[in-house]
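**Q** how does the following fold in three dimensions:
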Amino acid sequence: MEKKNLNLRKILVTVLFTTIMLIQGNITNAQFNPVIIPGSRFGQTDANGANQTNWIRSIGIGNFTNPPGGLPSDETHAFLHVNSNYLLLPQNGSIANLGRVFRTDGPATEDNMWQMFTGPDASATEKGRIFVPANSDDFVVQASELFGTIRFNLGDIQRMILRDGFGQVHVGIGNNFDNPQHMIHVHTTPIIINQPPPASMIGFTHNLTGASATDGFLVGINSDGVAELRQQEDADIVFYANNTKQLTISSDNNIKINSLSSNKKNFVIADKDGTLMLYTINTKKAKITELEARITKLEEKIAYLEENN
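**A** Reported below is the predicted structural model:
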């Protein structure tokens, strides 16, 4: 009787195991085969024999059932797929939340890197890496080929590119703009086909100017290709040479020029009733200088030529 019960249990276990395997379909426990090379030993997934049907093609880490507790979904979407949905956190709190999916630790005295190669085995070529240099707090993104580029996309549209510019980095900003010609090159294209392109501007703001489209200072070209220096604040535009203020376009519509002569006086070019005038700064009464007379004579000559041509 006891022998019959033992046989019955064996049959039930066999039926249960077969049922589970049929339900699981192509999901199986990964078989890691040891590979021994002189001085090295590592494990690889089962990929032996010419019949690839039995090879382990991908590894899923996590709970691949949908809904939780249901049948296996049998869907990994990469050769290594980590799915933390539906898992329970360790009771000892070693993992803070389900979003902590992947982590690597390495010695601080060595470069800690993830590398990306293309090509098979020994002929593979490194295309890029992200890494933390040894003894450093830096985080580095590297295109490893000599003339490789780093591209930044939003959706499927490239928005920025870093490429080699014959010894200098060229940064290109623009939709699918691949060929920057300067260290910083901003390029716009029409949003609607056969329409003028948007203005190509670089803006500068800070917390006092505000950060809206009408704040700060703009440098660039408008949609007609006209170059612009656009001060959008109620403030001056100042030009320096040799780290010294030389010219100011003031918010009160005057052009102020620093004198280069020995008297160190500054001058203002301003319009007075349609006549261009030159005044010295810091006098109680603005005095018309010799340059005003020259400008007046020049205006008279221009007026004469206009009347007689």
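
**Q** okay, whichever strand or helix holds Glu300 in CSV with CA atoms only?
**A** Assessed by DSSP states H and E, Glu300 sits inside helix 290-307. C-alpha atoms of helix 290-307 as CSV (Å, rounded to 0.1, in the frame of the first residue of the first chain):
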residue,chain,number,x,y,z
GLU,A,290,34.2,122.2,-32.6
LEU,A,291,32.9,118.8,-33.8
GLU,A,292,29.3,120.2,-33.8
ALA,A,293,30.3,122.8,-36.4
ARG,A,294,32.0,120.2,-38.5
ILE,A,295,28.9,118.0,-38.3
THR,A,296,26.7,120.9,-39.2
LYS,A,297,28.8,121.8,-42.2
LEU,A,298,28.7,118.1,-43.3
GLU,A,299,24.9,118.1,-43.0
GLU,A,300,24.8,121.3,-45.1
LYS,A,301,26.9,119.7,-47.8
ILE,A,302,24.6,116.6,-47.8
ALA,A,303,21.5,118.7,-48.1
TYR,A,304,23.1,120.7,-51.0
LEU,A,305,24.0,117.5,-52.8
GLU,A,306,20.5,116.1,-52.3
GLU,A,307,18.9,119.3,-53.7
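
**Q** so which elements touch that helix?
**A** strand 275-280 (3 or more CB pairs under 8 Å, 6 or more residues apart in numbering; DSSP states H and E). No exception for glycine: its C-beta is placed from N, CA and C like everyone else's.

**Q** let me see the domain layout of the protein.
**A** Domain segmentation of the chain under automatic domain parsing yields 198-235, 236-309.

**Q** which of those has the lowest average pLDDT?
**A** Mean pLDDT values for the domains of the chain show the minimum at domain 236-309, a mean of 71.

**Q** would you map the strands across the stretch 101-250 of the chain?
**A** Ranges of strands within the stretch 101-250 of the chain are 112-118, 125-132, 140-143, 150-154, 157-164, 169-173, 184-186, 200-204, 217-221, 227-231, 237-241, 244-249, based on DSSP state E, counting those that start in this stretch.

**Q** in the stretch 51-200 of the chain, what spans have low per-residue confidence?
**A** 66-74 (pLDDT under 70).

**Q** ok, now with 80
**A** Across the stretch 51-200 of the chain, the ranges flagged by pLDDT under 80 are 51-57, 63-75.

**Q** relative to Ala134, how far out is Arg103?
**A** For Arg103, the distance to Ala134 (CB to CB, to the nearest Å) stands at 19 Å.

**Q** give me the more crowded residue out of those two.
**A** Ala134 (12 against 6; other CB atoms under 10 Å).

**Q** list the residues that contact that one.
**A** Shown here is Ala134, whose contacts under the criterion CB atoms under 8 Å, 6 or more residues apart in numbering are 108-111.

**Q** now those in JSON lines, with distance to Met183 and neighbour count?
**A** As requested, the contacts of Ala134 are exported to JSON lines (distance: CB to CB, whole Å; neighbours: other CB atoms under 10 Å):
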{"residue": "Ala108", "distance to Met183": "34", "neighbour count": "10"}
{"residue": "Thr109", "distance to Met183": "35", "neighbour count": "7"}
{"residue": "Glu110", "distance to Met183": "33", "neighbour count": "12"}
{"residue": "Asp111", "distance to Met183": "28", "neighbour count": "14"}
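
**Q** looking at those, which is nearest Ile302?
**A** Asp111 (69.7 Å; CB to CB).

**Q** list the contacts for the closest one?
**A** 131-134.

**Q** buried ones from the residues you listed, can you make that a ChimeraX selection?
**A** To isolate the buried ones among the contacts of Asp111 in ChimeraX, judged by 16 or more other CB atoms under 10 Å, type:
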select :131,132
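
**Q** turn the contacts of Asp111 into a markdown table, including distance to Gln158.
**A** Shown next, in a markdown table, are these (distance: CB to CB, whole Å):
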| residue | distance to Gln158 |
| --- | --- |
| Phe131 | 24 |
| Val132 | 27 |
| Pro133 | 28 |
| Ala134 | 32 |
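
**Q** now for the contacts of Ala134, which pair is the farthest apart?
**A** Ala108 and Asp111, at 10.3 Å, using CB to CB across the contacts of Ala134.

**Q** among the contacts of Ala134, pick out the one closest to Gly148, please.
**A** Taking those together and measuring to Gly148 by CB to CB, the closest member is Asp111, at 18.4 Å.

**Q** much appreciated, bye for now.
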